[in-house]
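J.: sequence first, then the predicted structure, then my questions.
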Amino acid sequence: EPEVTQTPSHQVTQMGQEVILRCVPISNHLYFYWYRQILGQKVEFLVSFYNNEISEKSEIFDDQFSVERPDGSNFTLKIRSTKLEDSAMYFCASSGTSGGPPEYFGPGTRLTVL
Amino acid sequence: ILNVEQSPQSLHVQEGDSTNFTCSFPSSNFYALHWYRWETAKSPEALFVMTLNGDEKKKGRISATLNTKEGYSYLYIKGSQPEDSATYLCAFNDYKLSFGAGTTVTVRA
């Protein structure tokens, strides 16, 4: 069974610090996504990525956020200067289907901003 | 922000009983409706992708129906088992996913 992996499982950081969340999507997938879920709230779309560029992003994904696929296997989400309200579970997902939804989600990274 | 609602928020089912719950979504700009199953401490798992009005999909004891004209989908679990305990998320796809809050199902042995 293919799987998406994410590291770390839990990241604690101080407000204002930069964090990088890492994901390894399914190897032959082409579409990559980041979602987040603030505790007690719905899963929210952040960004989708295809062919080494952002294909779509939500209003949440402001200038503090960036994504990168640095080496053909990892897919990273960077938050430049974390705020308290960035505390959430961040899920990476991937899909091999053209324009399709995420087929496989990773287990998530819990980000706690103090 | 699209209004995707799931009800009930949670339900408890006796093992062997059947149950169903609802996802409602906007009836305009519909592309697809997705159901995911999310067990505690695991990743959401894709169950169904539904695209056509009147669609009915089945996977084992779990099935789903779709009404795009009135904007709802039902998920059915027949003969619930403890391993069916999970949160079931629906997501409305108008070329990006908007998730409902989920229905958490607890099956009691």
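T.: Looks like it came in fine.
J.: CA atoms for contacts and neighbours, from now on please.
T.: Will do.
J.: would you mind listing where chain B has pLDDT under the threshold?
T.: B:1 (pLDDT under 70).
J.: residues from it in reach of chain A?
T.: Neighbours of chain A within chain B, by CA under 8 Å from any CA of the partner chain: B:41-46, B:93, B:95-101.
J.: make a markdown table from those residues and add distance to A:Glu44 to it.
T.: Shown next, in a markdown table, are these (distance: CA to CA, whole Å):
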| residue | distance to A:Glu44 |
| --- | --- |
| B:Ala41 | 18 |
| B:Lys42 | 18 |
| B:Ser43 | 15 |
| B:Pro44 | 13 |
| B:Glu45 | 16 |
| B:Ala46 | 16 |
| B:Asn93 | 13 |
| B:Tyr95 | 14 |
| B:Lys96 | 10 |
| B:Leu97 | 8 |
| B:Ser98 | 7 |
| B:Phe99 | 7 |
| B:Gly100 | 10 |
| B:Ala101 | 10 |
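J.: which among the residues you listed count as buried?
T.: Buried by 16 or more other CA atoms under 10 Å in any protein chain shown: B:43-46, B:93, B:96-101, out of the residues of chain B next to chain A.
J.: just the residues of chain B next to chain A: which are in strands?
T.: Mapping the residues of chain B next to chain A onto strands (DSSP state E) picks out B:45-46, B:93, B:97-99.
J.: ok, the most centrally placed residue in chain A - contacts?
T.: Centroid check for chain A by CA atoms, centre = their mean gives A:Trp34 as the closest residue, at 3.3 Å. For A:Trp34, the contact set (CA atoms under 8 Å, 6 or more residues apart in numbering or on different chains) comprises A:45-48, A:77, A:90-93.
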